[in-house]
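K.L.:
How does the following fold in three dimensions:
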Amino acid sequence: MLPGNNYKKIWLYLLLLTGFAAYSQTENYMQFWNEYAFVKDVNEKWSLEADMGITTSGIPEHNNIFYNLIQFYGRGWAHYYPSERVKISFFYAFFYNTNVPELLQDKSPEHRLAAQFTYLMTKTRLRTNLRGRLEDRHLENDAGYFEVVMRLRMQAKATYPLNGPIIKPGVIYTFMSDEVMFKTRSSISGNTFFDRNRLTVGFGYSFVNEFQVELSYVNELLPRPDKTSSYDAIQVNVVFTDLFSDLFKGKFKREKTAIDK
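P.N.:
Next comes the predicted model:
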């Protein structure tokens, strides 16, 4: 665990970045993020997941959230649960990026690999998770070569069920998270080391054990030397768990723990 002084230094650094951003030119983009996730339990320790999603965005002059389709992606996960409080995850994803505001070219297909570690801090009604992710991004430049960008993401998330002691079918829950991202420099993603801060606030509802929907508001702040970009996004995530389990013989259903939320 980091000493208290180190925590203070990190937050002071982030506050300074926010202060500098206030004095630079700010461009605001309204966006819509939509993701569908399909989760399949393999055994008590492993599960697989497939995601697909799109991002649409306005522009400062025309801030309709559906003005441009700027990104679509597919992603495959493997999740490992060594203990009740820990989840280790790996994924490969392909992103097709076009007119993404922070990328310095119009089109940039991307292959992305990542390793992720999630730790459950509290198991009370208010559940808090810490998550760290290291991403290995390969973005294609205009010359047809792939540039490597490494990105470190650190997130703290809190989840709270509103009309019941735990999250289960029929219970509405709320969640909030804050995530900071740091990256290496490249000609596509820019020369800054600090990438962005992402704040998310939302609600979720589990209709049945196999079907869950989350609606949230996301604010991303991307400070850059020449300008600061601010993204305000409406995010809709839909999760299906063991959707086609009846088609498989010997189906397995892993007992969920608090780390799953």
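K.L.:
SS state for residue 259?
P.N.:
Three-state call for residue 259 (DSSP: H, G, I helix; E, B strand; the rest coil): helix.
K.L.:
these two touch, right, it and residue 84?
P.N.:
Yes. In this structure residue 259 lies within contact range of residue 84 using C-beta atoms under 8 Å: 6.7 Å. In short, each C-beta sits where N, CA and C put it, glycine included.
K.L.:
what is in contact with those two at once?
P.N.:
When C-beta atoms under 8 Å, 6 or more residues apart in numbering defines a contact, the residues bordering residue 259 and residue 84 alike are residue 120.
K.L.:
between those two, which one's more packed in?
P.N.:
residue 259 (18 against 11; other C-beta atoms under 10 Å).
K.L.:
Do you have the helices of the chain handy? List them.
P.N.:
Applying DSSP state H to the chain gives helices spanning 4-23.
K.L.:
so where's the stretch 151-261 of the chain uncertain?
P.N.:
In the predicted model of the stretch 151-261 of the chain, residues 244-258, 260-261 satisfy pLDDT under 70.
K.L.:
Name the residues linked to the residue nearest to residue 177 when sequence neighbours are not counted by a beta bridge.
P.N.:
Closest residue to residue 177 apart from its sequence neighbours, by C-beta to C-beta, 6 or more residues apart in numbering: residue 157 at 3.8 Å. Legend: beta-bridge partners of residue 157 under DSSP bridges are residue 129, residue 177.
K.L.:
May I have the residues that are in contact with residue 157?
P.N.:
Residue 157 touches 128-131, 175-177, counting by C-beta under 8 Å, 6+ apart.
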